[in-house]
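>>> Sequence below, structure please.
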Amino acid sequence: MTSTWKPHEKHGGLTDKDKRELPESVFAFPDKRKEPMTDAGHVRNAIARFDQVQGVTDKERDQAFQNILAAAAHYDVEVAETNWRQLGKLPHTPNPAH
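You can find the predicted model right below:
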């Protein structure tokens, strides 16, 4: 599966209005518009909260993980996990992002 994520720089906190104005391509879960990734901090947040996202299918999680990997590469965020099923599991990987 290929990533649908595309860079869209917006640093700092995002208001609800900001999130509504973002293109779908900046979200880890674009169809649900969940977990925007507009800077390194938001990518780390998407990784940390991945297992908390509700109302999505495994196929959507596959897509979201590819989007996270693309955003992480763009913003130089280390991702130690190789599969989304590793996110949120204990013991955690050595990844400092979560």
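>>> which residues are in contact with stretch 44-59?
Residues outside stretch 44-59 that contact it (C-beta atoms under 8 Å, 6 or more residues apart in numbering): 28-29, 32, 34-37, 61, 64-65, 68, 71-72, 77, 79, 81, 84, 87-89, 95, 97-98. All C-beta atoms are positioned from the backbone trio N, CA, C, and that covers glycine.
>>> and these, which are buried?
Burial by neighbour count, judged by 16 or more other C-beta atoms under 10 Å, picks out 28-29, 34-37, 61, 64-65, 68, 71-72, 77, 79, 81, 84, 87-88, 95, 97-98 from those.
>>> What about the residues you listed, which are in helices?
Cross-referencing the buried ones among the contacts of stretch 44-59 with the helices (criterion: DSSP state H) gives 61, 64-65, 68, 71-72 as the overlap.
>>> In TSV: these, plus distance to residue 15.
Converted to TSV, these look like this (distance: C-beta to C-beta, whole Å):
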residue	distance to residue 15
61	27
64	22
65	27
68	23
71	20
72	24
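>>> And those, which is closest to residue 12?
For these, the residue nearest residue 12 by C-beta to C-beta is residue 71; the value is 16.3 Å.
>>> which ones are touching the closest one?
Contacts for residue 71 were tallied using C-beta under 8 Å, 6+ apart; they are 5, 7, 28, 37, 43, 46, 77.
>>> rerun at 6 Å
Contacts for residue 71 (C-beta atoms under 6 Å, 6 or more residues apart in numbering) come out as 5, 37, 43.
>>> Pick out whichever of those residues sits closest to residue 15.
Closest to residue 15 out of those is residue 37 (16.4 Å), distances taken as C-beta to C-beta.
>>> which one is the closest one nearest to, not counting chain neighbours?
residue 71 (4.0 Å; C-beta to C-beta, 6 or more residues apart in numbering).
>>> what sits up against the helix or strand of the chain with the lowest mean pLDDT?
Every helix and strand of the chain was ranked by mean pLDDT, DSSP states H and E. The lowest is helix 16-21, at a mean of 89. Applying C-beta under 6 Å, 6+ apart, the set of residues contacting helix 16-21 from outside is residue 36.
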